[in-house]
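In: what's the 3D shape of this:
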Amino acid sequence: MPIAGNNTIAPVQPLFFATLAELDAWADVPSRKFEDILPYVARNETDATTGNKGKLLICHDYKGGYIESPFALSYTFNFWSTCDTFVYFAHQRVTVPPPGWISAAHRQGVKMLGVLIFENSDAQADLLQLFFGPLPDSALSSLKGDKQSASPPSLPFSSHYARVLAELAYQRGFDGYLMNFEWSLPGGISMARALAAWVSLLREELWKRVGPHAEVVWYDSVTALGYLSWQDRLNAYNLPYFLSSTAFFSNYTWSTDYPTQTVQYFNSLDPNILEIFNDFNANSPPKSLQLNDVQVGVDVWGRGTFGGGGYGTYRALEYVGPQTQGLSAALFAPGWTWETKETNSDRTWEQWWDDEVSLWAGLRPGFVLPPSLAVYKQRRREQPKVASDPYKPIAEFFSIKPPPDPSTLAFMTIFSPGIGRAWWVNGVKVWDGTAGNTWTAGWQDVERQTSVGDLVWPVPKLEWNNGSTEGATLPNCTVDLALDDAWNGGSSLLLSVSDPAGLSQASIIANAARSVFVPIQSLSLTGGIPYVATAVYKLQNIKDGVTVGIGLKVVPLSVTSTIDIKIDDAKNQNGASINSNGDWTGVGAQVTVSSSEHTDVALGIVITITQTTAPTTDGGSLFSLLLGQMNVFSFPSPNSSLSWQSTLLWADFAALPNTAADEQKTATTLGDVNGTLTWEVEISLLPEDPETHPISGPEDPIPVFGQVPADDSWVEKFAYWNIYAQLLPPGSGPSSTDVRPADAVWIGTSGVDYGGDVGWRSGRFIVVGDNVVQQLPQVTGAQVLRFYVQGFSERGDVTPWSDVVSFDYSLNFTT
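Out: Model prediction:
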């Protein structure tokens, strides 16, 4: 996904479970772990990810969940560097996060949680079943008194669903659950004690099955006495559930003194009761629940939330104090920016993006806060409005947390917010996905989402390269996401550079170069490891008399850091493909941090501007730059005598069983051709002559050929696969070509969300004839339907057409 057409593809597994009986039905049928979901990789431990600062959980609850469509624009979340945990929320008994959302979160080092919820009267039967497990008829008879049995000394409970839920999280690739028990317990305090114990069992099972990073977050709802009562803070009525979990999520109708009371109450607890022991991982040291494991709820819709939500969310976060008093925040339903204006017929996606950036990163140029924000409502027990109340975006309350170390998970961005209006491959538009005239026309695929640059919004922060230039005025720079041009995917980062109005002609000497650094993306690098960094860009609208040079640079993220970072442009070709095509140009460098620890850095571009004449005093545009792609990964191998390449080995297509196209290879139209395209990749070691050290004898301690690295870092991984189709007459020659055949049309990309989980195979694509028929011409008689498979690697390389694999499927069209 995205895919050409308008017919969705059914998921290979249930999206969610409305009842525990449905969950049991799934558990009774053996299923395989989803291998194609990107696994969770922890961020490096730096000042941003450790210490006593507050964290951020986001509970998205977007229109009830599961409404994403590959054929329309919709809400996506993009500010992952502020976030530690993301909850995909839906009002189902068991919410399973969609694979695309899981991979998007994991790419940024964020944990993704599902939900176990009991709300309303229809949850009572399932709530009891949670304790007892699925009961056979004989056990039911016993409980009804039909048979004599010993009475248990207290309310019994089973670990059955703790095991099943842990297995579900393991197989579907997510990292735990939010517990939402919004119903009173009929068994009172005895049942509450059993529930707290069951939650601790779930925590243990998740640690055992998913890993020590797994989370169980308790939502402030039913009390330790068994009745439903939202406390709006941590206190004695919900403490037992917090001690059985890994985090606590308070309700959001708190008054302004509650966060401070929460801190005081937490500090009064005996540290011994806060200890959590993980018996399933001997290498995982015991941990203790911390103050930042307490998350204060804030509703972005403002329902009972101090500050009124929306653009007043910062007022609530001021009292939470993530940076000052160490409490964490749990933001509920941030899709507010989309849902509140979704029905506006004259709205554009770009307008929504301005709203979203202004809420999260800071006010966009020209953005005006709503007049209603000035109305500061006071409720019971709330402190009066302060004299100065400047607006603050959400990100200002949290540290920037870079994605996982590129030596562990290659950093790759095509600046995709998870939506688009078309699709590009190496700068060539291969598909126009817009249909209709609504502002939501386009495609959505959260699995294709990458970072949009976490250091560049709301406006780029330019600085002089290699020190300050005394008295000089920096150029102006604005940033946008361009959906009308891209290198790969559906969008690119658009930087527009201009001279500020009123700039003195004497301030810029003709023919003298100005060099500025533009930070784009935060990263965390390990000292001593050589990294390769690459970027692809396109210059546009260059003013007459202006020349522009582009390079890469990496600097410490902290302005007080004295760590040295070495940039070697001369080695940019070693291990990296510097892509260029038409107006698109590639640059690259080797980067090494001279530190023994992890270092947070800023990856950006250096822009060198030379003008043959002095600027006019009214300023004006100098040029614009599209940044299409950035990649950072660890140097492939320290062994200069060994390299390798990945090559597509084969492709195959199997029509759906019991169809005309399967049995007789006949079809009325292409719409009848439905099936599965699969393929496999091989790895070839180079050079062809492997002997690098002649063996001198049986005791020679030096290997006869170079060894591959001990881990799998040398195995090329693919982010997705582009799929094409072509109709040819029978007897057509082989598909070997250096360029895409003119009549081969793009029909989609691979993806787990619609059947791309493949077990041991490298890839799978579900072919839907009703989609293909919209892309290829109608024909009659004997024809060959040729499929092409083209990879896009995590290091940013597109498989050249000379190495693309194809499969020919012979058909006879009857009409």
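
In: From now on I want contacts and neighbour counts done on CA atoms only, so please keep to that.
Out: Will do.

In: Point out where the stretch 1-150 of the chain drops to low pLDDT.
Out: Under the criterion of pLDDT under 70, the regions of the stretch 1-150 of the chain flagged as low confidence span 1, 47-50, 137-150.

In: mind listing the helices in it by residue range?
Out: In the stretch 1-150 of the chain, the segments counted as helices under DSSP state H, counting those that start in this stretch are 20-27, 99-107, 124-132, 137-143.

In: What of the stretch 601-750 of the chain?
Out: When secondary structure is read from DSSP H, counting those that start in this stretch, the stretch 601-750 of the chain shows helices at 660-663.

In: same question, the stretch 251-400 of the chain
Out: Across the stretch 251-400 of the chain, reading from the start of the chain, the helices by DSSP H, counting those that start in this stretch fall at 258-268, 313-320, 336-339, 349-360.

In: that older thread, using a markdown table, please lay out the helices of the stretch 1-150 of the chain together with mean neighbour count and distance to W644.
Out: Output for the helices of the stretch 1-150 of the chain, formatted as a markdown table (neighbours: other Cα atoms under 10 Å; distance: least, Cα to Cα, whole Å):
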| stretch | mean neighbour count | distance to W644 |
| --- | --- | --- |
| helix 20-27 | 16 | 42 |
| helix 99-107 | 26 | 25 |
| helix 124-132 | 17 | 52 |
| helix 137-143 | 12 | 61 |
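
In: sorry, back to before: of all the helices of the stretch 251-400 of the chain, which one comes closest to L409?
Out: With distances scored as Cα to Cα, the stretch of the helices of the stretch 251-400 of the chain nearest to L409 is helix 349-360 (25.8 Å).

In: The helix or strand just after that closest one pairs with which strands, parallel or anti?
Out: Next helix or strand after helix 349-360 toward the C-terminus (DSSP states H and E): strand 411-413. Sheet pairing of strand 411-413 (DSSP bridges) gives strand 620-634 (antiparallel).

In: chain center to the partner strand: distance?
Out: For strand 620-634, the distance from its own C-alpha centre to the chain's C-alpha centre is 21 Å (Cα atoms, centre = their mean, to the nearest Å).

In: before we move on, what about stretch 352-370?
Out: The chain centroid and the centroid of stretch 352-370 are separated by 22 Å, computed with Cα atoms, centre = their mean.

In: contacts for that stretch?
Out: Contacts with stretch 352-370, where a contact means Cα atoms under 8 Å, 6 or more residues apart in numbering, come from 79, 310-311, 337-338, 392-396, 457-459.

In: model confidence over that stretch, on average?
Out: Averaging the model's pLDDT scores along stretch 352-370 yields 96.

In: Any buried residues in it, and which?
Out: 352-364 (16 or more other Cα atoms under 10 Å).

In: Stretch 6-15 now?
Out: Residues of stretch 6-15 classed as buried: 6, 15 (neighbour count, 16+ other Cα under 10 Å).

In: try stretch 418-431
Out: For stretch 418-431, the neighbour count (16+ other Cα under 10 Å) marks 418-427, 429-431 as buried.

In: Closest one to L474 out of those residues, please.
Out: The nearest one, if we look at the buried residues of stretch 418-431 relative to L474 and count by Cα to Cα, is G427, at 30.9 Å.

In: The closest one against W487, yeah?
Out: Yes - counting by Cα atoms under 8 Å, G427 sits close enough to W487 to count as a contact (4.1 Å).

In: tell me, what's touching those two both at once?
Out: Residues touching both G427 and W487 by Cα under 8 Å, 6+ apart: W584.

In: V804 versus the residue sitting nearest the centre point of the chain, what's the distance?
Out: A centroid search over the chain (Cα atoms, centre = their mean) returns A104, at 1.9 Å, as the residue closest to the centre. To V804, A104 is 27 Å away according to Cα to Cα, to the nearest Å.

In: returning to that earlier point: for F765, find the nearest of the helices of the stretch 1-150 of the chain.
Out: Each of the helices of the stretch 1-150 of the chain was scored for nearness to F765 using Cα to Cα, and the closest is helix 99-107 (15.4 Å).

In: Report the secondary structure state of the closest residue to G100 other than its chain neighbours.
Out: Nearest residue to G100, sequence neighbours excluded (Cα to Cα, 6 or more residues apart in numbering): E447, at 3.8 Å. For E447, the secondary structure call by DSSP: H, G, I helix; E, B strand; the rest coil comes out as helix.

In: my guess is E447 meets P99, correct?
Out: Yes - A contact is recorded between E447 and P99 when judged using Cα under 8 Å, the distance being 7.3 Å.

In: Could you point out the longest helix of the protein?
Out: Across the chain, the longest stretch assigned as helix under DSSP state H is helix 188-209.

In: Kindly export the helix or strand that that helix is followed by (C-alpha atoms) in PDB.
Out: Remark: after helix 188-209, the chain's next helix or strand is strand 215-219, criterion DSSP H and E. The C-alpha trace of strand 215-219 is given here as PDB (Å, rounded to 0.1, in the frame of the first residue of the first chain):
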ATOM      1  CA  GLU A 215       4.100  -2.000  28.900                       C
ATOM      2  CA  VAL A 216       0.800  -2.400  30.900                       C
ATOM      3  CA  VAL A 217      -0.700   1.100  31.500                       C
ATOM      4  CA  TRP A 218      -3.600   1.300  33.900                       C
ATOM      5  CA  TYR A 219      -6.300   4.000  33.200                       C
END
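
In: what's the average pLDDT for whatever helix or strand comes next after strand 215-219?
Out: Using DSSP H and E, the helix or strand that directly follows strand 215-219 along the chain is helix 239-244. The predicted model assigns helix 239-244 a mean pLDDT of 98.

In: again, but for stretch 786-800
Out: The predicted model gives stretch 786-800 an average pLDDT of 93.

In: can you pull the buried residues of that stretch?
Out: Buried residues in stretch 786-800, counted by 16+ other Cα under 10 Å: 786-799.

In: quick check, nearest of those residues to G187?
Out: Once Cα to Cα is applied, the member of the buried residues of stretch 786-800 that ends up nearest G187 is E794, at 52.9 Å.

In: any idea how far S646 is from that closest one?
Out: Distance of E794 to S646, computed by Cα to Cα: 13 Å.

In: if we can go back for a sec, nearest to N771, of the helices of the stretch 1-150 of the chain?
Out: Evaluated over these, closeness to N771 peaks at helix 99-107, with 21.3 Å, by Cα to Cα.
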